[in-house]
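Undergrad: sharing a model prediction with you, sequence too.
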Amino acid sequence: MTNEQRKSDLAEILDGFAEQMRTITRLQQERAALTASATVRGKRVTVTVNADGTVIETKFGSGIEDLDYSEIAKAVTEAAQQAAAEAARRSREIMAPVSQNRERLPKLADLIPGMPDLSKELTIPEPPVVSTAPPKSRERLGGYQATEPNVDAAQPRRSGATDSGW
């Protein structure tokens, strides 16, 4: 490989990198505007989340009074989980071009003779599946007791819609 070819390859890489950064910026802005909603229990509970899965709105529809507190709590949790899953799916979809562009760029080993291909060593491992089980469930505890202090224990016990036990 001649010096001119190396310079041309390097210029191509830099151009590709600049284009990749513009694409990432555009896709991140698109993702930041993303919301997802889920409606459950016969359209009585709707939860909307942002791209990070954070609840940004909860609405109760007609007939909500037919559900007891426990059913409402379960419905809100279920709708939030469904909306968050949809937001995550759509986020992956939005960001997919980044991975596709990265695969098209030449590897460093292709440009520098003798340079080892480190792409496999630099691959980020898949994160484990995060549990959606309630805080004190058997699945979440996994054989050990949480060491966080019980904040609710210091609070006087109230009943009604603000009761954390429903």
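TA: Okay, I see it. Numbering: from 1, shown residues only.

Undergrad: what's the mean pLDDT across the biggest helix by length in the chain?
TA: Using DSSP state H to define each element, the chain has its longest helix at helix 69-104. Averaged over helix 69-104, pLDDT sits at 91.

Undergrad: and that helix, what does it pack onto?
TA: helix 3-32, strand 35-40, strand 45-50, strand 55-60 (3 or more C-beta pairs under 8 Å, 6 or more residues apart in numbering; DSSP states H and E). Just so you know, the C-beta spots here come from the backbone N, C-alpha and C atoms, and that holds for glycine as well.

Undergrad: could you dump those into CSV with distance to residue 76 and mean pLDDT added?
TA: Converted to CSV, the helices and strands packed on helix 69-104 look like this (distance: least, C-beta to C-beta, whole Å; pLDDT from 0 to 100):
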stretch, distance to residue 76, mean pLDDT
helix 3-32, 25, 83
strand 35-40, 9, 97
strand 45-50, 6, 97
strand 55-60, 6, 97
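
Undergrad: adding distance to residue 88 and mean neighbour count, write the ones you listed out as JSON lines.
TA: Formatted as JSON lines, these follow (distance: least, C-beta to C-beta, whole Å; neighbours: other C-beta atoms under 10 Å):
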{"stretch": "helix 3-32", "distance to residue 88": "11", "mean neighbour count": "12"}
{"stretch": "strand 35-40", "distance to residue 88": "9", "mean neighbour count": "18"}
{"stretch": "strand 45-50", "distance to residue 88": "9", "mean neighbour count": "22"}
{"stretch": "strand 55-60", "distance to residue 88": "14", "mean neighbour count": "14"}
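
Undergrad: among these, which is nearest residue 127?
TA: Evaluated over these, closeness to residue 127 peaks at helix 3-32, with 17.9 Å, by C-beta to C-beta.

Undergrad: surely residue 58 touches residue 47?
TA: Yes. Counting by C-beta atoms under 8 Å, residue 47 is a contact partner of residue 58 at 5.2 Å.
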